[in-house]
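Visitor: Need the 3D shape of this:
(chains A, B, C, D, E and F)
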There are 4 protein chains.
Amino acid sequence: MYFILKREQILKAGLKLFVTQGLHAVTIAQIAAEANVGIGTVYRNFNSKEEIVQQIWIRQKASESAYVFKNYKKQGSLHDQFNFLWERVIRYFLEHPLEFQFSYQFAASPILTKEIHEIAMTDFLKFDELYALGLDQNLFKPLTARRLRLFTFSTINGWLLWAMDEKMDIDDATIALFLQMCWDSISA
Amino acid sequence: MYFILKREQILKAGLKLFVTQGLHAVTIAQIAAEANVGIGTVYRNFNSKEEIVQQIWIRQKASESAYVFKNYKKQGSLHDQFNFLWERVIRYFLEHPLEFQFSYQFAASPILTKEIHEIAMTDFLKFDELYALGLDQNLFKPLTARRLRLFTFSTINGWLLWAMDEKMDIDDATIALFLQMCWDSISA
Amino acid sequence: MYFILKREQILKAGLKLFVTQGLHAVTIAQIAAEANVGIGTVYRNFNSKEEIVQQIWIRQKASESAYVFKNYKKQGSLHDQFNFLWERVIRYFLEHPLEFQFSYQFAASPILTKEIHEIAMTDFLKFDELYALGLDQNLFKPLTARRLRLFTFSTINGWLLWAMDEKMDIDDATIALFLQMCWDSISA
Amino acid sequence: MYFILKREQILKAGLKLFVTQGLHAVTIAQIAAEANVGIGTVYRNFNSKEEIVQQIWIRQKASESAYVFKNYKKQGSLHDQFNFLWERVIRYFLEHPLEFQFSYQFAASPILTKEIHEIAMTDFLKFDELYALGLDQNLFKPLTARRLRLFTFSTINGWLLWAMDEKMDIDDATIALFLQMCWDSISA
DNA sequence: CATGAATGAGACTTCATTCAT
DNA sequence: CATGAATGAAGTCTCATTCAT
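Guide: Modelled structure (predicted):
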């Protein structure tokens, strides 16, 4: 219990520092200080700085998944479900800017192995089921479900990046417009 | 001349190593070895590891720009010009996968300052002129030219990332389809 | 009682680990694990790693002494007594290889203070009495009793070391021959 | 040339420090300071503290061998040759007390692998040839040449140890007596 | 200009020791 | 009394940077 708490503190501290300073500029000592634990405690919980990054990634994806799929029901029109899920993704990142920047920064990093990505991405396969359904109904352009999903996701990623860069206020209307752009881009 | 050659060798070596191993895992000694020069020579050309990253970025953007705008004429319909330029971007990255991965990995890195980004991005402002024209003609959804450009760009970035991840073969039809998706997403 | 058991377990674990891995490679955590006790328990019984070594030494010398002098009677010829005692030393070490190697490895260690050596060696002064008697009878070469004893002891130590190194089987005849060598070397 | 010099300085510093303080008490920083080189230089030449110990051992045995076999001629009686060689061994150690203590302290250390021992001991196989000759002439007790050599060597080691411990002055007569003891112990 | 041996600051990492449970 | 998570001092080791050659 206490053990888990310290582990969480370390991951939280790492998230903040990696995003603001970049991986190579952050030392274990800094992470320990930010987490209010001893350096030894960091090493009791993680074998290296890289493992901290990997565990932050896994934890972040789990948290994102929990947020996105909370209250999700496979009901209503496919377009409604599409909007529901992607809006949740957008809102999650808007509410968790650190997590978003971390996610963006390390998505293509060599530190994250194929295995790590697979573990972290399992939950998001539900998106693919939705796209597959849409393909069955000839709603979408002729790509695989996986590719359609990745397309929408990278679109959202890029959009959020500059939205945050420019510190723009994002209201419901803006989100609605953006969801419309996402839908239009893949619509048949 | 010889001097310039060594500088180029170092940038090329850095590009390869940073992409495959990540910034923090690459040492100057490694870069020097890969470039077949001495460590001292690296320091005659660059002040630090960070400067190497910055110079790779600038050189990469210049090369990308040269490729993209070669033979570009402001003629034909706006949609044609749109397709021409973005297709060139796509083809550049498909032909230069290392450059693409470098570009993706460091786009959000704290190492690249605003100044560096401005220097490297100057050429790409021509895109904004195109989008501004489109907005005048009410072709696009109601966003600023800059945002529309960034939207398309991040879409392409994300798409290329997984295209390379999956080592998919990309033929002309696929590129055409993708350009259509980009256009549809921002069309009014 | 339970307390004493744990103490013994720790000393036994330490003996094994110090011999097989060397002092500096053994951690308190390892000793605790090998002894099936907690780290804190080690510290309830000993103040430091060095003290564990010292206590193993003292315990080992006491055990060796008990073995060597059991059934020893100051009767018979001096040569017989000489053979009896040194044969017991040899057999003790042959039956306790770990103890032997520990003894050999730490004999010259700075961890063992003069006081520790004196405590542990008290019993073995009986050897010196025997040598003194031999000197009175002009049986030995002209050295002090102490030096004659140390000479024989280091000879035996060295011999046992390579005997174990080579895993040689040592029968009664071999032991008898060796005792003869020891006697011949110091005989006047 | 300069490179080799630094390496020698480090080995010399290590020898002194290991003997006076014991392996685990010596830090790389201390060795570097004693050798008047930077810590990094130590690591350019050796991979670890253990490797320093191994290289000191090899270098010491080479130096010992050079000393012992200098001017050695396979002439004269076997007993004379025996005395010549072992006297050289004794004198080498008397003149190089640091080397002797190092040799004694690490002879049984787990740091020195079988390979290291084999490399370091090659030269001393000449002793075995001498013993083999003696066995042919029925001069010695019935043991293998190797064992006879090790017996004499460990005897000498032990004797020198307490000779140094007690800071006894060792004159030619004492050495002669001791060589006699060595010879007597193995004589048939 | 080119080189790479030398350096030491500062990173990583271990582990003896403490102390709340 | 027994435990082992937590700690941080002190070690090992790396590597950016310098500078004599």
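
Visitor: which strands and helices sit next to the strand or helix carrying A:Ala66?
Guide: For A:Ala66, the enclosing helix or strand under DSSP states H and E is helix A:49-69. For helix A:49-69, the elements it packs on are helix A:2-21, helix A:78-95, helix A:97-106, helix A:114-121, judged by 3 or more C-beta pairs under 8 Å, 6 or more residues apart in numbering or on different chains; DSSP states H and E. Where C-beta positions appear, they are placed from N, C-alpha and C, glycine not excepted.

Visitor: Determine whether any part of it lies close to DNA strand E.
Guide: Yes - under the criterion of C-beta under 7 Å from any atom of the strand, helix A:49-69 makes contact with DNA strand E via A:Lys49.

Visitor: For that helix, the averaged confidence score.
Guide: The average pLDDT within helix A:49-69 is 94.

Visitor: Convert the helix or strand of chain A with the lowest mean pLDDT to PDB, retaining C-alpha atoms only.
Guide: None of the helices or strands of chain A scores lower by mean pLDDT, DSSP states H and E than helix A:145-165, at a mean of 83. Extracted in PDB, the C-alpha atoms of helix A:145-165 (Å, rounded to 0.1, in the frame of the first residue of the first chain):
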ATOM      1  CA  ALA A 145     -10.000  -0.700 -39.500                       C
ATOM      2  CA  ARG A 146      -6.600  -0.500 -37.800                       C
ATOM      3  CA  ARG A 147      -5.400   2.100 -40.300                       C
ATOM      4  CA  LEU A 148      -8.500   4.200 -40.100                       C
ATOM      5  CA  ARG A 149      -8.200   4.200 -36.300                       C
ATOM      6  CA  LEU A 150      -4.500   5.200 -36.500                       C
ATOM      7  CA  PHE A 151      -5.400   7.900 -39.000                       C
ATOM      8  CA  THR A 152      -7.900   9.500 -36.700                       C
ATOM      9  CA  PHE A 153      -5.600   9.100 -33.700                       C
ATOM     10  CA  SER A 154      -2.700  10.800 -35.300                       C
ATOM     11  CA  THR A 155      -4.900  13.600 -36.600                       C
ATOM     12  CA  ILE A 156      -6.100  14.200 -33.000                       C
ATOM     13  CA  ASN A 157      -2.600  14.000 -31.700                       C
ATOM     14  CA  GLY A 158      -1.400  16.700 -34.100                       C
ATOM     15  CA  TRP A 159      -4.300  18.900 -33.500                       C
ATOM     16  CA  LEU A 160      -4.000  18.700 -29.800                       C
ATOM     17  CA  LEU A 161      -0.300  19.500 -30.100                       C
ATOM     18  CA  TRP A 162      -0.800  22.900 -31.700                       C
ATOM     19  CA  ALA A 163      -3.900  23.600 -29.600                       C
ATOM     20  CA  MET A 164      -1.700  23.300 -26.600                       C
ATOM     21  CA  ASP A 165       1.200  25.100 -28.200                       C
END
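
Visitor: Quick check: which ranges of chain A have low pLDDT?
Guide: Applying pLDDT under 70 to chain A flags residues A:1-4.

Visitor: circling back: determine how far the least confident helix or strand of chain A lies from the middle of the whole chain.
Guide: In terms of C-alpha atoms, centre = their mean, to the nearest Å, the centre of helix A:145-165 is set 11 Å apart from its chain centre.

Visitor: how about that helix: buried residues?
Guide: Residues of helix A:145-165 classed as buried: A:145, A:147-164 (neighbour count, 16 or more other C-beta atoms under 10 Å in any protein chain shown).

Visitor: Is chain B within reach of it?
Guide: Yes - contact between helix A:145-165 and chain B, assessed by C-beta under 8 Å from any C-beta of the partner chain, occurs at A:Arg147, A:Leu150, A:Phe151, A:Phe153, A:Ser154, A:Thr155, A:Asn157, A:Gly158, A:Trp159, A:Leu161, A:Trp162.

Visitor: For those, which two are the farthest from each other?
Guide: A:Arg147 and A:Trp162 (23.4 Å; C-beta to C-beta).

Visitor: sorry, back to before: can you tell me which of the helices and strands packed on helix A:49-69 is nearest to DNA strand F?
Guide: helix A:2-21 (4.3 Å; C-beta to the nearest atom of the strand).

Visitor: Can you pull the domain assignment for chain A?
Guide: A:1-46, A:54-186 (automatic domain parsing).

Visitor: distance of A:Leu143 from B:Leu160?
Guide: Distance of A:Leu143 to B:Leu160, computed by C-beta to C-beta, to the nearest Å: 14 Å.

Visitor: now A:Tyr67
Guide: Distance from A:Tyr67 to B:Leu160, by C-beta to C-beta: 28 Å.

Visitor: Likewise for A:Ala132?
Guide: In terms of C-beta to C-beta, A:Ala132 sits 23 Å off from B:Leu160.

Visitor: Next: A:Gly14.
Guide: 29 Å.

Visitor: still on that earlier bit, tell me the one of the residues of helix A:145-165 next to chain B nearest A:Asn47?
Guide: Looking across those and measuring by C-beta to C-beta, the closest to A:Asn47 is A:Asn157, at 29.6 Å.

Visitor: check contacts around that closest one.
Guide: Contacts for A:Asn157 were tallied using C-beta atoms under 8 Å, 6 or more residues apart in numbering or on different chains; they are A:Ser103, A:Tyr104, A:Ala107, B:Ser154, B:Gly158.

Visitor: Among the residues you listed, give me the pair with the biggest separation.
Guide: A:Ser103 and B:Ser154 (13.7 Å).

Visitor: I'd guessed A:Ala25 sits against B:Lys49; true?
Guide: No - the criterion here is C-beta atoms under 8 Å, and A:Ala25 misses it with B:Lys49 at 11.5 Å.

Visitor: more neighbours, those two?
Guide: Comparing A:Ala25 with B:Lys49 by other C-beta atoms under 10 Å in any protein chain shown, the one with more neighbours is B:Lys49, at 19 against 15.

Visitor: Look up how far C:Lys126 lies from the more buried one.
Guide: 71 Å.

Visitor: can you check A:Val89 too?
Guide: From A:Val89 over to C:Lys126 (counting by C-beta to C-beta), the distance is 86 Å.

Visitor: Sticking with the residue of chain A found nearest chain C, tell me its helix or strand.
Guide: Chain A approaches chain C most closely through A:Arg44 (11.8 Å), counting by C-beta to the nearest C-beta. Using DSSP H and E, A:Arg44 falls within helix A:39-45.

Visitor: List of residues touching that helix?
Guide: By C-beta under 8 Å, 6+ apart, helix A:39-45 touches A:Lys6, A:Arg7, A:Ile10, A:Ile28, A:Ala29, A:Ile31, A:Ala32, A:Ala35, A:Ile52.

Visitor: Look at the residue of chain A found nearest DNA strand F and say how many residues are nearby.
Guide: Nearest residue of chain A to DNA strand F (C-beta to the nearest atom of the strand) works out as A:Gly40 at 1.8 Å. Using other C-beta under 10 Å, A:Gly40 has 9 neighbouring residues.
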